[in-house]
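> sequence plus the predicted model coming up.
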Amino acid sequence: MEQRAFIAVVLMAAILIIYQTFFVPTYEPAPSPQPAQQQAPKSQQAPATAATPQQGAPITAPALPSPVAPAEAKPPQRITRVTTPLYDTAISSEGGKFQEFVLRYRGEKPMVIVGDLGPTGLVIAKSGSPTGQVVSMQPSADAVKVGSDQATQDLILTGTHDGLKVRETLTFRADSYAVAAKVRVENTLGAPQSVTVALPWSTRQDWREGKAKEKFQGQHPSEIVWATNGGVVRVENLCEVHQVTAEGKWIGLGSIWYVAALVPHGEGFKLAAQGEEKACESKSKEPVGRATIAVQATPTIAPGQAWEGQVTIFVGPKEYDRLQAFGLEGAINFGGFPVPRQWGGLPMEWLGVPILLLMNWVYRHVGNYGVAIILLTVVSKVLFFPLTVKSMRSMKAMQALQPQINALRNKYKSDPQRLQKETMGLYREHKVNPMGGCLPMIAQVPIFYALYLALSVSVELQNATFFCFGRLFGVDLWICDLASQDPTYVLPILMGVTMFVQQKMTPTAGDPRQAKMMLVMPFVFTFMFLNLPAGLVLYWTVSNILQILQQWFMDRPKARASRGGA
């Protein structure tokens, strides 16, 4: 049984890594920016194919308007530079869109690429019109700066559109990646006006054909994700985005570590997502289509009255605490087993979130994420030490009975029922539980899996050093980024060596041929771990080393007994 338990644990780990490697979204290099293109595709009303019964069916709402150039001449574009401790951005007078947005997070991270990725700006369309116009406005300042001396500051943009007075107020904070956008539309005409007010954010649908290296991993969106009252919906392949309108809490374009999310406040807002059909079937190296998310409202404004709405625009790293402050924690994709949740699948965030929060808490006390990973691994081993001891003792007891079990196999090889009966009798006689080596090991799997999940999605590990001695010929020495692979491959090789030693020390009580086959697993795992983040490999290596020490500790009485007998 202990051999089966070991095989089960190894296979579960292998399935876990293979699933995370081949089935979670990949993040391919991006091509050089193409000329600006702000026109989004037309939308058709259709249900959200990714929605589940728990999440509720999408509702009917007006189509997301496609922005077009205004018929009349518009004033020259003005740019307002905004400087904060967390990011720099440039606000265009064309709809108040972010012309640039560069995070100051473990280096400079551009989140807007003109023509490829970014917001369209404030779009207004008359009721029933499939197209709208990006509203040209005048900003109240040419520069905005927030910091320790001024924690918040507003930028006010004003303009007109077909008899409507439009005002957008953007509020910037020194301590947040979120920008509050308050929109006011006043009807100056003599008749009621029904309009659609939208704030879209779009991206290229297909980044896979790009050849130029991106500036940092996880920059480009790999999924559209939105939250309803029933849960979180993900479309993890932007080439499969369909037209969606739904009530919900927020919608975002996310990558593994970063997200651009729109959070509407108040009633009347709808979430929208749309993509160009068959856009990704092209083999062209050029951008082949766009996927767009938006929040939109469709108010009817009486003469002399005004409509107001507010949207929070969050553009930043997926730090759990920051996301939670805006209800965006569901943007973190913990992955999971490929089983639909409505079938009873376990939400993986139940495992990953506690470990992620604990790791960040440890980091605040030790100041190094590598040390925090080691301490978490040590704590998990200490907590499960009694179960590990029980498992090892059971495995040793089974190993001691192996000669008698082999004799029974030879004696009753033609009578399986008698063999099973005699084997169970042998176990009872020596008070050995054949499940004793299996259950304690299985009980540890959720904790180890939770550690794996937390390390897989932790943006905090990006550019976090462990043992970093600088660079030589353009190569980091040694681990200068826990979120990237070890460039020297020392750590994954060390992991393979420790796994091999661990297997050699583990008692076996099964077919010797199976034991020899299991010795191949360290080589397989070493190959699989070569390109995984160093933080994950560090966790697995430390776990192996601790397992070796535990096995050595358990073997000491036997070593002392053999020396005494000599």
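Yep, it's here.
> so which residues of the stretch 201-350 of the chain form strands?
When secondary structure is read from DSSP state E, counting those that start in this stretch, the stretch 201-350 of the chain shows strands at 223-228, 231-235, 244-246, 250-254, 258-265, 269-275, 290-297, 300-301, 306-317.
> sec struct for A464, please.
Of the three states, A464 takes coil under DSSP: H, G, I helix; E, B strand; the rest coil.
> repeat for N360
N360 is classified as helix under three-state DSSP.
> that one reaches Q324, doesn't it?
No: between N360 and Q324 there is no contact under C-beta atoms under 8 Å: 12.0 Å. (C-beta placed from N, C-alpha, C; glycine too.)
> the two: which is more packed in?
Neighbour totals were compared for N360 and Q324, and N360 leads with 17 against 14 (other C-beta atoms under 10 Å).
> what about the residue lying closest to the more buried one once chain neighbours are set aside, how many neighbours?
Distances taken as C-beta to C-beta, 6 or more residues apart in numbering put E460 closest to N360, at 6.5 Å, once the chain neighbours are dropped. For E460, the neighbour count with other C-beta under 10 Å is 23.
> now do the contacts for E460.
Applying C-beta atoms under 8 Å, 6 or more residues apart in numbering, we find E460 in contact with 319, 359-360, 363, 369.
> now D555. Nearest residue, chain neighbours left out?
Nearest residue to D555 in three dimensions, chain neighbours excluded: M505, at 7.4 Å (C-beta to C-beta, 6+ apart).
> tell me the phi and psi of the one you found?
Phi and psi for M505, reported as degrees, to the nearest 10, are phi -80, psi -20.
> which residues does it contact?
Contacts of M505 (C-beta under 8 Å, 6+ apart): 548, 551-552, 555.
> now it: how far from Q547?
M505 is 9 Å from Q547, where distance means C-beta to C-beta, to the nearest Å.
> repeat for F334
25 Å.
> give me the domain ranges for this protein.
40-141+149-329, 356-555 (automatic domain parsing).
> most neighbours per residue, which of those?
Ranked by mean neighbour count, the domains of the chain are led by domain 40-141+149-329 with a mean of 19 (mean count of other C-beta atoms under 10 Å).
> and the helices in this structure?
Secondary structure of the chain (DSSP state H): helices at 2-22, 320-324, 349-366, 369-383, 385-400, 402-411, 416-429, 439-457, 490-505, 512-518, 521-529, 534-565.
> counting contacts, what elements does the last one pack onto?
In this case it means helix 534-565. Applying 3 or more C-beta pairs under 8 Å, 6 or more residues apart in numbering; DSSP states H and E, we find helix 534-565 packed against helix 369-383, helix 385-400, helix 439-457, helix 490-505, helix 521-529.
> report the distance from the third one to the chain centre.
For helix 439-457, the gap between its own C-alpha mean and the chain's C-alpha mean amounts to 17 Å (C-alpha atoms, centre = their mean, to the nearest Å).
> give the rounded mean pLDDT of it.
Mean pLDDT, computed over helix 439-457, is 73.
> do the same with the first one
When pLDDT is averaged along helix 369-383, the result is 90.
> next: the shortest one.
Mean pLDDT, computed over helix 521-529, is 86.
> quick one on the thing from earlier: roughly how far apart are the residue nearest to D555 and L453?
Taking C-beta to C-beta, one finds M505 at 28 Å from L453.
> and Q485, by the same measure?
To L453, Q485 is 19 Å away according to C-beta to C-beta.
> same deal with G535?
From G535 to L453 the distance is 12 Å (C-beta to C-beta).
> swap in K411?
48 Å.
> wait, isn't N187 in contact with T300?
No: at 9.3 Å, N187 and T300 do not qualify as touching, with contact defined as C-beta under 8 Å.
> which neighbours do these two share?
Residues touching both N187 and T300 (C-beta under 8 Å, 6+ apart): Q193.
> so where's the stretch 351-500 of the chain shaky on pLDDT?
For the stretch 351-500 of the chain, the stretches flagged by pLDDT under 70 are 434-441, 443-444.
> could you find the closest non-adjacent residue to W478?
F467 (4.9 Å).
> I'd guessed the one you found sits against I374; true?
No: using C-beta under 8 Å, F467 makes no contact with I374, being 11.6 Å away.
> thinking again about what came up before, any chance of the contacts of M505 in TSV, plus distance to L253 and pLDDT?
Formatted as TSV, those follow (distance: C-beta to C-beta, whole Å; pLDDT from 0 to 100):
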residue	distance to L253	pLDDT
I548	45	89
Q551	48	81
W552	50	83
D555	54	72
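> end to end on stretch 313-331, go ahead and measure it.
14 Å (C-alpha to C-alpha, to the nearest Å).
> actually stretch 315-329, sorry about that
Terminal residues of stretch 315-329 lie 14 Å apart, using C-alpha to C-alpha.
> how about stretch 478-491?
9 Å.
> so which residues make contact with it?
With C-beta under 8 Å, 6+ apart, stretch 478-491 has contacts from 217, 257, 369-370, 373, 458-459, 461-469, 471, 475-477, 492, 530-535, 537-538, 541.
> and if we set it to 6 Å?
Stretch 478-491 is touched from outside by 369, 461-468, 475-476, 531, 533-535, 537, with contacts defined as C-beta atoms under 6 Å, 6 or more residues apart in numbering.
> check the offset of that stretch from the chain's centre.
20 Å.
> what's the answer for stretch 227-246, then?
The answer for stretch 227-246 is 16 Å, by C-alpha atoms, centre = their mean.
> repeat that for stretch 182-202.
Worked out by C-alpha atoms, centre = their mean, stretch 182-202 lies 35 Å from the chain centre.
> and stretch 244-252, by the same measure?
Using C-alpha atoms, centre = their mean, the offset of stretch 244-252 from its chain centre is 19 Å.
> quick check: end-to-end length of that stretch?
End to end - C-alpha to C-alpha - stretch 244-252 spans 13 Å.
> show me what the mean pLDDT comes to for it.
89.
> do stretch 80-88 as well
The model assigns stretch 80-88 a mean pLDDT of 96.
> got a list of contacts for that stretch?
So stretch 80-88 is contacted by 89-91, 102-104, 139, 142-147, 155, 172, 174, 177 (C-beta under 6 Å, 6+ apart).
> export that stretch to CSV, keeping only CA atoms.
Output of stretch 80-88 as CSV, limited to C-alpha atoms (Å, rounded to 0.1, in the frame of the first residue of the first chain):
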residue,chain,number,x,y,z
THR,A,80,-2.1,65.9,-19.1
ARG,A,81,0.8,64.3,-17.4
VAL,A,82,0.0,62.6,-14.1
THR,A,83,2.7,61.6,-11.7
THR,A,84,2.1,59.4,-8.6
PRO,A,85,4.4,57.2,-6.4
LEU,A,86,2.8,54.1,-7.9
TYR,A,87,2.5,54.9,-11.6
ASP,A,88,2.8,57.6,-14.3
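> can you list contacts of stretch 321-331?
225, 227, 232, 249, 252, 254, 259, 261, 263, 314.
> distance of S458 from Q551?
On the measure of C-beta to C-beta, S458 and Q551 end up 30 Å apart.
> could you do R184 as well?
For R184, the distance to Q551 - C-beta to C-beta - is 69 Å.
> then A198?
A198 is 62 Å from Q551, by C-beta to C-beta.
> now D149
Taking C-beta to C-beta, one finds D149 at 59 Å from Q551.
> over to S414?
38 Å.
> also Q420?
In terms of C-beta to C-beta, Q420 sits 30 Å off from Q551.
> before we move on, the earlier item: with distance to G115 added, can I get the contacts of E460 in TSV?
Output for those, formatted as TSV (distance: C-beta to C-beta, whole Å):
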residue	distance to G115
E319	29
M359	38
N360	36
Y363	38
Y369	36
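> specify which member of these is nearest to G163.
G163 has its nearest neighbour among the contacts of E460 in E319, at 44.0 Å by C-beta to C-beta.
> check whether N544 really touches T498, as I assumed.
Yes: with contact defined as C-beta atoms under 6 Å, N544 reaches T498; the gap is 3.7 Å.
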